[in-house]
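Colleague: how does the following fold in three dimensions:
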Amino acid sequence: MPKSETPSQLISLADASRATGRMLSKGTFSELDTGASPTLVELAEALNFALGDGRIWLNDQRMVLMQSQVLGRLRQEIIEAFGVETAKGIFMRVGYMQGVRDAELIQKRFPQQDLTHALAAGPRVHTLEGFVKVTTRHFEFDSVKGRYYGEFYWDDSSEAAEHIAHHGLASEPVCWMQSGYPTGYTSTLFGRPVIFRETECVAMGAPRCLVVGKNAEEWGENAPERAYLGLEWKRTRRPLRGKAEAPLPAVELSGRGPEEPLAVRDQVVGVSASFLRARLMVEKVADTEATVLLIGESGVGKELFSQQLHRLSARVNRPFVPINCAAIPEGLVESELFGVEKGAFTGAVASRPGYFERAAGGTIFLDEIASLAYAAQGKLLRAIQERQIERVGGTRTIPADVRVIAASNVDLAEEVRAGRFRQDLYFRLCVFPIVIPPLRERRDDIPLLVDHFLRLFRERHRRDTVGLSRRAMDALLAYDFPGNIRELQNLIERGVIFAEPGGQIDIQHLFTAGEVSPVLPQWLSPEGRITVKAPLPKSTDAASIPAQISSSADLATAESALYQNALRLAGGNVSAAARGLGLTRAKLEYRMRKLGLIG
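Modeller: Numbers count the residues shown, from 1 in each chain. This next block holds a predicted model:
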């Protein structure tokens with residue numbers, strides 16, 4: 001150290017990165033401070049168990065718990081069925097994709113960290129997920145020259161243990177999935193292909209595994225990982241119905257994932273099982289002429305599904321005409337749907353076509369069909385049944401070559417039983433019903449929808465918001481969304497507008513219209529102290545809850561009052577009270593028992 005330089009003049013990599021506002025182009029593991037962020041504890045805070053809800057989240061990614069022995073048995077059966085080389089490629093590719101997703105997690109959760117700290121977080125996330133304990137021996141990189149080199153120790157590799165259990169000692173390294181993981185993670189962050197290879201393995205009798213990573217080209221010609229992870233890996237796929245076989249998108253060794261899913265481009269976004277079932281039914285019926293009935297709560301995206309159905313149909317080049325039946329005055333339903341003949345009304349100097357004529361050859365979407373008056377339902381039935389219409393005041397019939405898609409946010413069968421909806425029209429519409437699930441039943445889709453709306457509104461409103469904070473994403477994953485996707489869209493648009501330029505969207509940027517946040521947000525009291533404010537259900541008597549929570553006793557009192565008021569509002573029904581609080585019944589019972597409210 002030069003004499004003029006003092007320890008007080010030294011700054012950390014993170015400080016230097018924040019001071020310059022740029023990602024550092026060089027870095028080595030030795031420059032990291034002990035306990036550098038993100039620490040294992042900080043990463044563990046991103047792991048959430050929705051007890052009783054069947055979901056585990058790592059930040060905004062859904063996880064599953066699986067016994068290591070089950071994975072080992074799967075590995076054994078793949079080896080026996082397809083051979084070692086194919087099994088190696090499959091598991092290395094699985095590990096690669098896991099590494100890519102975890103790199104994206106770090107980029108979202110810690111967007112302000114420099115590249116050195118982001119790379120150092122990889123071994124910690126890998127350890128957190130339970131496959132192996134990773135110890136960093138050394139790594140260094142130079143982004144300008146495009147060079148990376150790293151060495152890592154692995155202890156207690158579950159993959160090596162399962163291989164030994166099924167096959168005994170091996171003659172070559174066997175931690176295939178674990179080798180793919182740092183390849184995907186580092187390539188994603190570094191922006192260049194970096195291949196990791198296991199050079200020592202416990203399954204070969206070594207005391208611990210050792211993995212080395214460096215630029216793909218530095219491994220020379222003898223790099224089978226290229227085939228396992230790139231375009232050279234040949235796969236088969238069952239052909240689509242009536243279509244030529246399409247190649248699967250390959251994972252590129254460039255730090256970027258596969259092409260954006262079709263669902264995102266089509267604006268119909270989702271990966272949950274219930275959503276995919278609805279989407280598959282749309283694809284099944286799209287190329288037919290069958291009438292479709294979309295069933296779902298308000299805001300679930302019924303019109304988007306109808307548009308998708310039209311795009312996939314043979315009528316795609318003809319008009320798509322959406323109609324909100326609830327917005328048509330009762331006295332004008334017939335003229336709006338079927339048109340008006342010249343001279344039918346005073347001042348009608350020309351004929352006016354209705355919605356059915358405007359949709360000729362295409363698709364007509366009848367939203368909120370249950371709101372139609374009973375008399376109008378009979379006329380609609382005739383038009384659908386006979387495929388012809390008659391304008392108001394006219395005498396001639398006009399062909400009605402349209403494909404009808406109807407939608408309802410109420411149970412039409414119940415409306416029929418109540419005498420408010422014609423049974424014959426119901427059966428005419430309910431040829432191919434598709435139930436679109438509410439957002440609270442497809443929470444796996446929330447992260448994907450959030451990303452989709454973030455991109456949309458950042459571009460629309462010219463904002464550079466970097467994403468959501470951990471608290472904000474946790475709140476969205478726990479929220480019940482009574483307004484479904486429309487409400488989520490509004491929340492994200494509000495957050496993009498409200499958040500600071502270049503900053504993250506936090507809870508206070510989202511829940512500003514009286515929504516009850518499902519988490520306990522921190523707030524600043526008039527005295528300048530950070531306190532915790534418990535969310536209150538509607539109509540809750542706030543007089544029994546402390547205005548300021550400054551001790552554990554106050555927090556317990558507030559929580560107790562919150563649960564008691566929720567039960568009172570639900571008439572003593574524990575399940576209904578739990579739903580009102582955004583909790584599962586089991587979680588509410590556990591907390592009430594802990595507070596002594598129930599035995």
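
Colleague: so what's L476 up against?
Modeller: Contact partners of L476, counting by Cβ atoms under 8 Å, 6 or more residues apart in numbering, are 446, 450, 468, 488, 491, 510. Where C-beta positions appear, they are placed from N, C-alpha and C, glycine not excepted.

Colleague: try L567
Modeller: Counted by Cβ under 8 Å, 6+ apart, L567 has contacts 573-574, 577.

Colleague: any regions of the stretch 251-400 of the chain where pLDDT drops low?
Modeller: Residue ranges of the stretch 251-400 of the chain with pLDDT under 70: 251-267, 343-350.

Colleague: need the strands for it, in chain order.
Modeller: For the stretch 251-400 of the chain, the strands defined by DSSP state E, counting those that start in this stretch occupy 292-295, 320-324, 363-367, 388-389, 398-399.

Colleague: for those, which one sits closest to A558?
Modeller: Closest approach to A558 among those (Cβ to Cβ): strand 292-295, 40.3 Å.

Colleague: report the distance from that closest one to the chain centre.
Modeller: 24 Å (Cα atoms, centre = their mean, to the nearest Å).

Colleague: name the residues that touch that strand?
Modeller: With Cβ under 8 Å, 6+ apart, strand 292-295 has contacts from 285, 302, 305-306, 309, 404-408, 411-412, 429-436.

Colleague: may I have that strand as CSV, with CA atoms only?
Modeller: Coordinates of each C-alpha in strand 292-295 appear next as CSV, following Å, rounded to 0.1, in the frame of the first residue of the first chain:
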residue,chain,number,x,y,z
VAL,A,292,-68.2,-21.5,-26.7
LEU,A,293,-69.2,-20.4,-23.3
LEU,A,294,-66.5,-18.8,-21.1
ILE,A,295,-67.2,-19.0,-17.4
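
Colleague: quick one: strands adjacent to it?
Modeller: strand 403-408 (parallel), strand 432-435 (parallel) (DSSP bridges).

Colleague: most neighbours per residue, which of those strands?
Modeller: Sort the strands paired with strand 292-295 by mean neighbour count, taking mean count of other Cβ atoms under 10 Å, and strand 403-408 sits at the top with a mean of 26.

Colleague: for the very next helix or strand once past that one, packing partners?
Modeller: Remark: after strand 403-408, the chain's next helix or strand is helix 412-417, criterion DSSP states H and E. The contact analysis (3 or more Cβ pairs under 8 Å, 6 or more residues apart in numbering; DSSP states H and E) places helix 412-417 against helix 423-429.

Colleague: next one: the helix it packs on to chain centre, how far?
Modeller: 36 Å.

Colleague: ok, now stretch 477-486?
Modeller: 13 Å.

Colleague: what's the answer for stretch 434-446, then?
Modeller: Worked out by Cα atoms, centre = their mean, stretch 434-446 lies 11 Å from the chain centre.

Colleague: buried ones in that stretch?
Modeller: Neighbour-count burial for stretch 434-446, counted by 16 or more other Cβ atoms under 10 Å, picks out 434, 436-439, 442-446.

Colleague: which of the strands paired with strand 292-295 sits closest to E140?
Modeller: Nearest of the strands paired with strand 292-295 (Cβ to Cβ): strand 432-435, 54.8 Å.

Colleague: confidence score at S4?
Modeller: Per-residue pLDDT puts S4 at 40.

Colleague: now render the strands of the stretch 251-400 of the chain as JSON lines, adding distance to W57.
Modeller: Output for the strands of the stretch 251-400 of the chain, formatted as JSON lines (distance: least, Cβ to Cβ, whole Å):
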{"stretch": "strand 292-295", "distance to W57": "29"}
{"stretch": "strand 320-324", "distance to W57": "36"}
{"stretch": "strand 363-367", "distance to W57": "34"}
{"stretch": "strand 388-389", "distance to W57": "52"}
{"stretch": "strand 398-399", "distance to W57": "54"}
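
Colleague: now render the ones you listed as CSV, adding mean neighbour count.
Modeller: Converted to CSV, those look like this (neighbours: other Cβ atoms under 10 Å):
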stretch, mean neighbour count
strand 292-295, 24
strand 320-324, 18
strand 363-367, 24
strand 388-389, 20
strand 398-399, 16
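
Colleague: these: which one's closest to F481?
Modeller: Closest to F481 of the strands of the stretch 251-400 of the chain, according to Cβ to Cβ: strand 292-295, at 17.8 Å.

Colleague: before we move on, the earlier item: in helices only, show me the buried residues of stretch 434-446.
Modeller: Counting by DSSP state H, the part of these found in helices is I446.

Colleague: so which residues of the stretch 201-350 of the chain form helices?
Modeller: 225-229, 262-265, 273-285, 302-311, 333-338 (DSSP state H, counting those that start in this stretch).

Colleague: and I369, which of those helices is closest to it?
Modeller: helix 302-311 (10.7 Å).

Colleague: what's the closest one packed up against?
Modeller: helix 273-285, strand 292-295, strand 320-324, strand 363-367, strand 403-408.

Colleague: tabulate those in JSON lines, adding columns for distance to R591.
Modeller: Shown next, in JSON lines, are those (distance: least, Cβ to Cβ, whole Å):
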{"stretch": "helix 273-285", "distance to R591": "28"}
{"stretch": "strand 292-295", "distance to R591": "35"}
{"stretch": "strand 320-324", "distance to R591": "43"}
{"stretch": "strand 363-367", "distance to R591": "41"}
{"stretch": "strand 403-408", "distance to R591": "38"}
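
Colleague: and L581, which of the ones you listed is closest to it?
Modeller: Checking the helices and strands packed on helix 302-311 against L581 by Cβ to Cβ gives helix 273-285 as the closest, at 23.5 Å.

Colleague: just the buried residues of that closest one, please?
Modeller: 274-275, 278-279, 281-282, 285.

Colleague: dump the residues you listed to a markdown table, plus distance to I106.
Modeller: Shown next, in a markdown table, are the buried residues of helix 273-285 (distance: Cβ to Cβ, whole Å):
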| residue | distance to I106 |
| --- | --- |
| S274 | 30 |
| F275 | 27 |
| A278 | 33 |
| R279 | 30 |
| M281 | 37 |
| V282 | 35 |
| V285 | 42 |
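
Colleague: and the furthest pair within these?
Modeller: Counting by Cβ to Cβ, the most remote pair of those is S274 and V285, 17.5 Å apart.

Colleague: could you export the helices of the stretch 201-350 of the chain as a markdown table, including distance to R208?
Modeller: Output for those, formatted as a markdown table (distance: least, Cβ to Cβ, whole Å):
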| stretch | distance to R208 |
| --- | --- |
| helix 225-229 | 22 |
| helix 262-265 | 42 |
| helix 273-285 | 40 |
| helix 302-311 | 52 |
| helix 333-338 | 75 |
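
Colleague: quick one, which of these is nearest to G503?
Modeller: helix 262-265 (24.8 Å).

Colleague: so L366 touches A406, yeah?
Modeller: Yes. Using Cβ atoms under 8 Å, L366 is in contact with A406, at 4.6 Å.

Colleague: hang on, isn't I507 packed against Y479?
Modeller: No. If you go by Cβ under 8 Å, I507 and Y479 don't touch, sitting 10.5 Å apart.

Colleague: now do the buried residues in whatever helix or strand I195 lives in.
Modeller: Using DSSP H and E, I195 maps to strand 194-200. Of the residues in strand 194-200, 194-198, 200 count as buried by neighbour count, 16+ other Cβ under 10 Å.

Colleague: and what of stretch 142-151?
Modeller: Residues 143, 147-151 are the ones in stretch 142-151 that count as buried (16+ other Cβ under 10 Å).

Colleague: any idea how far it is from the middle of the chain?
Modeller: With Cα atoms, centre = their mean, you get 33 Å for stretch 142-151.

Colleague: residues near L115, how many?
Modeller: 19 (other Cβ atoms under 10 Å).

Colleague: ah, wrong one, I meant R593
Modeller: 11.

Colleague: same question, V416
Modeller: Neighbours of V416 (other Cβ under 10 Å): 17.

Colleague: which residues touch it?
Modeller: Taking Cβ under 8 Å, 6+ apart, one finds 422-423, 426 in contact with V416.

Colleague: what's the spacing between V84 and E77?
Modeller: 13 Å (Cβ to Cβ, to the nearest Å).
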